[in-house]
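1. One predicted model, sequence on top.
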Amino acid sequence: MTHEAQGSTAAGRLRRVVEVARTPRRMRNRRPMTAELAGYARSRTSPLPPFVDAVQQRTRADSDDAYMMVSSEQAQLLACLVHATAARQVLEIGTFTGYSTLAMARALPPGGTVITCELDEDSARAAQQHFSASPLADRIRLEVGPALDTIARLDGPFDLVLIDADKIGYLRYFEAVLPKLSDHGLIVADNTLHLGLAKGPEPDSAEVLAIEAFNIVIAQDDRVEQVVLPLWDGMTVIRPVTRS
């Protein structure tokens, strides 16, 4: 190795040392999320009760669309948000087989209610069976039909709203529920990093474009503030703000 090459190598090492020294200590050992780390997080997240977990397992076994369910970590987060907001009235747009519905219902106080909207009759039928078999049936009201029609009939106020239905309708759902949100209520939108926001063949690309448009509009809306969580397929928590 020539003296010039040795000098270049030494200079490169010195630059790396300086870069590490300038990096805050808490940042030096950070690593991107991996499947192994995600599995660790899942293993350290409190499990949901067996009757809720059974719905997830049954859906995975029986449905080709099981990917439409929230993850177990998301379900527990939703339960925590219900508890933290002391929610008494929750609105869910997109029931599917009822996994997220049950996760939220179990965190409600006595007298609390989840109103859940489902367009697909087969999914609604499966969800109702799960609700009826659970100890939480009296906390859940299933509405079958277009969610916007259902929302128009409801007075609110809602303490928590979960939007987890057709992606192209997200903006319409947001506008419909925002005026019916309680002062300290939250809107949670699932799949806001849908498919990594990678535009591909139809029909996925239309959904990705719709989610991207939703994210842009929400970020620019001065009526709300939000945080996008890189959890599973992305989840955005939105709160109304009062501007002076």
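-> Perfect, thanks for sending it. Numbers count the residues shown, from 1 in each chain.
2. ok, how many other residues are close to Ala165?
-> 22 (other Cβ atoms under 10 Å). Where C-beta positions appear, they are placed from N, C-alpha and C, glycine not excepted.
3. Now do the contacts for it.
-> Taking Cβ atoms under 8 Å, 6 or more residues apart in numbering as the definition of contact, the neighbours of Ala165 are Ile93, Gly94, Cys117, Leu119, Ala147, Tyr173.
4. ok, now with 6 Å
-> The neighbours of Ala165, taking Cβ atoms under 6 Å, 6 or more residues apart in numbering as the test, are Ile93, Gly94.
5. what's the lengthiest strand in the chain in contact with?
-> Within the chain, and with DSSP state E defining each element, the longest strand by residue count is strand 181-190. Surrounding strand 181-190, the residues in contact under the criterion Cβ under 6 Å, 6+ apart are 157-164, 235-240.
6. ok, those residues vs Ser72, which is closest?
-> Distance to Ser72 across these (Cβ to Cβ) is lowest for Met235, with 13.2 Å.
7. Quick one: residues contacting that closest one.
-> Met235 sits next to Asp190, Leu229 when contact means Cβ under 6 Å, 6+ apart.
8. Apply 7 Å and report the result again.
-> Residues in contact with Met235, defined by Cβ atoms under 7 Å, 6 or more residues apart in numbering, are Gln74, Val188, Asp190, Thr192, Leu229.
9. Roughly how far does it sit from Ile216?
-> Using Cβ to Cβ, to the nearest Å, one obtains 17 Å as the distance from Met235 to Ile216.
10. burial measure for Pro110, as a count.
-> In terms of burial, Pro110 registers 7 neighbours under the definition other Cβ under 10 Å.
11. Now do it against Glu92, distance only.
-> For Pro110, the distance to Glu92 equals 20 Å [Cβ to Cβ].
12. Do a quick rundown of the strands in this structure.
-> Counting by DSSP E, the chain forms strands over residues 89-93, 113-118, 140-144, 158-163, 181-190, 224-229, 235-240, given from the N-terminal end onward.
13. Any idea which of those strands gets closest to Arg44?
-> The stretch from the strands of the chain with the least distance to Arg44 (Cβ to Cβ) is strand 224-229; that distance is 17.0 Å.
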